[in-house]
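In: Here's a sequence, model it:
(chains A, B, C and D)
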4 protein chains.
Amino acid sequence: MKNMKSEAIFNLRVYYEDTDAGGVVYHANYLHFMERARTELFFTQHLKDYEKCLFIVNQVELDFIRPARLYDQLEVVTKIVELRGATILFEQIVRSALDRNLLFCQGLVRVVNVNANLKPTRLPKSLIEKLSC
Amino acid sequence: MKNMKSEAIFNLRVYYEDTDAGGVVYHANYLHFMERARTELFFTQHLKDYEKCLFIVNQVELDFIRPARLYDQLEVVTKIVELRGATILFEQIVRSALDRNLLFCQGLVRVVNVNANLKPTRLPKSLIEKLSC
Amino acid sequence: MKNMKSEAIFNLRVYYEDTDAGGVVYHANYLHFMERARTELFFTQHLKDYEKCLFIVNQVELDFIRPARLYDQLEVVTKIVELRGATILFEQIVRSALDRNLLFCQGLVRVVNVNANLKPTRLPKSLIEKLSC
Amino acid sequence: MKNMKSEAIFNLRVYYEDTDAGGVVYHANYLHFMERARTELFFTQHLKDYEKCLFIVNQVELDFIRPARLYDQLEVVTKIVELRGATILFEQIVRSALDRNLLFCQGLVRVVNVNANLKPTRLPKSLIEKLSC
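Out: Numbering: from 1, shown residues only, chains lettered A, B, ... in the order given. This next block holds a predicted model:
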């Protein structure tokens, strides 16, 4: 494992589709926000390698700290904390875009690069190099 | 076009995932309910032909009559009103399972049978025969 | 009814959450895209009046013209075509952000301003004025 | 903490809405399936106490073991493994309804009973008693 580049930030607003009858963001939807952020991280930095890969999420651990609400402006902070073999481990935080001390959700998401038969497959070297520093 | 078999009914309960911060079912989710009902209609009656087909929705018209709420018990009534070439037109109603006069949503959904390249493709004869009477 | 201001454009990328096993955007999710676009239209132009209102969708008509795919860059064009009493009628088009002749979905969405009991309620005058020209 | 009643099983079929362009169930949707199962567990056993409570999910750990696919028939097995103060810890498994050795996803979900201000609030005694044995 090598040292990783610094964090990437992705911004979004909470819409009705993201909320539930509790008046807050539906818990599973933080996983949507996190995936959008991981995708944009790759698009920003590594488009060609990324599109050659098929990633599937194989483990998540999430803490829901306080509920976000309709129209809240959020940012998702994404850091790669491990990069090994076929897997990438991301640390992700969803916080207020207006007050960065206000955390809504944080967690670890492990994704695996797979081939067309969904079998784990070593990450392309070029991707590892671009993501390391 | 031929006469169609009588209506099929599909039951469901409203969960948090289906609702929004207005405290009611999120409007787009009625399309989820309707697709579950169409799928079960086919599974109940025509499994083998159905799995050979790839259907895509190509037109919807929906009226949202009153909002359904968390934990409501709903039923989706599905009727085939047209069956021609590559397309099937469904009339679907979402109502209370406890009071059938209580309508939440009703609409028309047109689906098209397509091939692997997503081009419209005539419905299998066997399917038309099973769905007609 | 008065003449309306010119169209607003909202941009988005298609993520996994938006797609289905057909490899394309799940049909109901175009309604999500359209709601995001309507919300941003209000936020851009009329924040204070908008947050006083509670809008519910009460009618939609959608044509799905061709399927959008994972990572497609889309734009939603939103035009207000009617503004009367408690209701606003929007015409919305989802097209490629890279080739504006490439239409994915278009439709009409009617929303109603309601009070806390979900009863239709006349639009605030200030909102009508800002949305007209 | 007391010993808990034996497991509850909830059945479902995978529809298009549940899948993504990878051809499999979208990872976040397992949380939907798990919530449906927890809800039905309460509805089956404890309706009145449950509706007095407002639960929010405050922690999840999920392992995605193999991907479920369109039309798969799944069952969610739900067990309460801890019941203390304001929180309930569930162990949940999503497996094939046709081959119970085929696991798709398993995890722990911690929910907290909250009051109208979303502050943690001790579980009603009656609920604890019904859920223990």
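
In: Where does the residue in chain A sticking out farthest from the centre sit, in terms of helix or strand?
Out: Largest separation from the mean C-alpha position in chain A: residue A:21, at 25.5 Å (Cα atoms, centre = their mean). Under the criterion DSSP states H and E, no helix or strand holds residue A:21.

In: Kindly report the same for the one 10 residues further on.
Out: Residue A:31 belongs to helix A:29-52 when assigned by DSSP H and E.

In: quick one: contacts of the helix or strand that comes right after that helix?
Out: Per DSSP H and E, the first helix or strand lying C-terminal to helix A:29-52 is strand A:54-64. By Cβ atoms under 8 Å, 6 or more residues apart in numbering or on different chains, the residues outside strand A:54-64 that reach it are A:27, A:30-31, A:35, A:87-88, A:104-116, A:118, D:22, D:24, D:27, D:56-64, D:67. C-beta here means a position set from N, CA and C on the backbone, and glycine is covered the same way.

In: Just the buried ones among the residues you listed, please.
Out: Buried members of the contacts of strand A:54-64, scored by 16 or more other Cβ atoms under 10 Å in any protein chain shown, are A:27, A:30-31, A:35, A:87-88, A:104-114, D:22, D:24, D:27, D:56-64, D:67.

In: Is it correct that the residue farthest from the centre of chain A is in contact with residue B:26?
Out: No. Residue A:21 is beyond contact range of residue B:26, at 9.5 Å (criterion: Cβ atoms under 8 Å).

In: anything in contact with each of the two?
Out: Shared contacts of residue A:21 and residue B:26, defined by Cβ under 8 Å, 6+ apart, are found at B:19-20.

In: what about stretch A:112-127, start to end distance?
Out: Taking Cα to Cα, to the nearest Å as the measure, stretch A:112-127 stretches 13 Å from start to finish.

In: do stretch A:107-126 as well
Out: Using Cα to Cα, the two ends of stretch A:107-126 sit 27 Å apart.

In: hmm, it touching chain D?
Out: Yes. Remark: stretch A:107-126 sits within contact range of chain D at residue A:118, by Cβ under 8 Å from any Cβ of the partner chain.

In: Return the list of helices and strands in contact with the lowest-mean-pLDDT helix or strand in chain A.
Out: Least confident helix or strand, chain A: helix A:125-131 with a mean of 82, by mean pLDDT, DSSP states H and E. If you count contacts as 3 or more Cβ pairs under 8 Å, 6 or more residues apart in numbering or on different chains; DSSP states H and E, helix A:125-131 packs onto helix A:29-52, strand A:73-84.

In: so which of those gets nearest chain B?
Out: helix A:29-52 (9.2 Å; Cβ to the nearest Cβ).

In: residues in contact with the closest one?
Out: A:5, A:8, A:10, A:12, A:18, A:57, A:60, A:62, A:64, A:74, A:76-78, A:90, A:92, A:94, A:104-105, A:107, A:109, A:111, A:124, A:126-127, A:130-131, C:13, C:15-17, C:71, D:27-28, D:31.

In: buried set for it?
Out: Quick answer for helix A:29-52 (16+ other Cβ under 10 Å): A:29-42, A:46, A:49-50.

In: Between strand A:73-84 and that helix, find me the angle.
Out: Put simply, helix A:29-52 runs at 50 degrees to strand A:73-84, going by axes from the mean of the first three to the mean of the last three Cα atoms, to 10 degrees.

In: Residue A:112 - that's part of a strand, no?
Out: Yes. With DSSP: H, G, I helix; E, B strand; the rest coil as the criterion, residue A:112 is assigned to a strand.

In: ok, it - contacts?
Out: Neighbour list for residue A:112: A:55-56, A:58, A:86-87, A:120 [criterion: Cβ under 8 Å, 6+ apart].

In: how about those in TSV, adding distance to residue D:100 and pLDDT?
Out: What follows is the contacts of residue A:112, written out as TSV (distance: Cβ to Cβ, whole Å; pLDDT from 0 to 100):
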residue	distance to residue D:100	pLDDT
A:55	29	91
A:56	23	94
A:58	21	96
A:86	28	95
A:87	28	95
A:120	25	93
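
In: Which strand residues bridge residue A:120?
Out: Residue A:120 forms beta bridges with residue A:114, as assigned by DSSP bridges.

In: Quick check: the gap between it and residue A:31.
Out: The gap separating residue A:120 from residue A:31 is 21 Å, by Cβ to Cβ, to the nearest Å.

In: returning to what we had before: the helix holding residue A:31 - what's its average pLDDT?
Out: In this model, helix A:29-52 has a mean pLDDT of 85.
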